[in-house]
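Visitor: next input, structure requested:
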Amino acid sequence: MATSFKIGLPGVPADLSRSGLRRHDLAYAYLKALLLDGGLEPGEQLSSDLVGRALGISRAPVADAIRRLAMDGLIEVVPQVGCRVVSPVPAEVADFYRLFAAAEAVIAGFSAERRTAEQAVALRQLLVELSSRQGLPAEPDARAAELRRRNRVRYERLHELAGSPLSAAIGAMFWDRSDFFLRVAFGRFDTPRYVTTAYRALFDAVVEGDAETAARQAHDYLARLGGDVAAALARKVPASGEDAVASAQRPVARQAR
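Guide: Numbering: from 1, shown residues only. Here you go, the predicted structure:
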């Protein structure tokens, strides 16, 4: 596990520097982007001083951002050591996706039941816009970040249609962790065909008001994806000792092939 401090953090992206965010929120958005899109790796320690210098702000807002990211499950604070990026445990990741799948299935069902006819038309148009290749950056990392943003827009809309504001806040934490796990497991994530197929079937079901199909599609593809992510992490960082025994004995999310 890496324990050295991250040196030479990148400057603030132009969109963030123009955002007008408060310093606490700027530090949070900056660090989360490095966690979800690349730049901070599992096990790497974080220095409030270095982050503050990269952003041109004091340590206090950086410390607040780190506390928030620890609550999000992306950073861990280790007594007498400091803080570092979490290192995903494959068996725990598989469990996480089982919970994620169950939660999103409920939301997908609510969305199909509760959307109005006007909202269904608007959703169909939004999906066409998000699926367009126009506006995608040519640079691979920027392209991956934009595709992740578009996927987030899809699911934010799904939660809006469900009419459950509390679920959106909970969902955001799930989405962040999933994006982090995907990035760590696969690097720049190339969406598998079964995920793309499930997206279409899920949102078609919401548009058509078919709650049962929407819930099933959401659950099955996320459960399958969780199994794939956990397997990729296990290959990348083989478990050892007690962790290996726990991983072998812990059930993995059932995959819908």
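
Visitor: C-alpha from now on. contacts and neighbour counts both.
Guide: Fine.

Visitor: quick one: residues contacting the residue nearest to Arg114 when sequence neighbours are not counted.
Guide: In space, and not counting its chain neighbours, Arg114 is closest to Ala162: 6.2 Å by CA to CA, 6 or more residues apart in numbering. Ala162 makes contact with Ile107, Ala108, Gly109, Phe110, Ser111, Ala112, Glu113, Arg114, Arg115, according to CA atoms under 8 Å, 6 or more residues apart in numbering.

Visitor: mind checking how far Val77 is from Val51?
Guide: Distance of Val77 to Val51, given as CA to CA, to the nearest Å: 16 Å.

Visitor: what does stretch 91-110 contact?
Guide: Here stretch 91-110 has contacts from 158-159, 161-163, 167, 171, 174, 178, 181, 202, 206, 210-223, 225-227, 229-230, 246-247, 250-253, using CA under 8 Å, 6+ apart.

Visitor: buried only: go through these for me.
Guide: Listed as buried from the contacts of stretch 91-110 are 158-159, 161-162, 171, 174, 178, 181, 202, 206, 210-223, 225-227, 229-230, 247, 252-253; burial here means 16 or more other CA atoms under 10 Å.

Visitor: still on that earlier bit, give me the more crowded residue out of Val77 and Val51.
Guide: More neighbours surround Val51 than the other of Val77 and Val51, with 24 against 16 (other CA atoms under 10 Å).

Visitor: who's in contact with the more buried one?
Guide: For Val51, the contact set (CA under 8 Å, 6+ apart) comprises Leu9, Val62.

Visitor: which helix or strand contains it?
Guide: helix 48-55 (DSSP states H and E).

Visitor: over to Ala231?
Guide: Using DSSP H and E, Ala231 sits in helix 211-236.

Visitor: ok now that helix, how far from the chain's centre?
Guide: On the basis of CA atoms, centre = their mean, to the nearest Å, helix 211-236 sits 14 Å off its chain's mean C-alpha point.

Visitor: what mean pLDDT does it get?
Guide: The pLDDT scores in helix 211-236 average 96.

Visitor: what is the neighbour count of Pro13?
Guide: Other residues lying near Pro13 total 10 when counted by other CA under 10 Å.

Visitor: pull the contacting residues for it.
Guide: By CA under 8 Å, 6+ apart, no residues touch Pro13.

Visitor: please parse the protein into its domains.
Guide: 14-85, 90-249 (automatic domain parsing).
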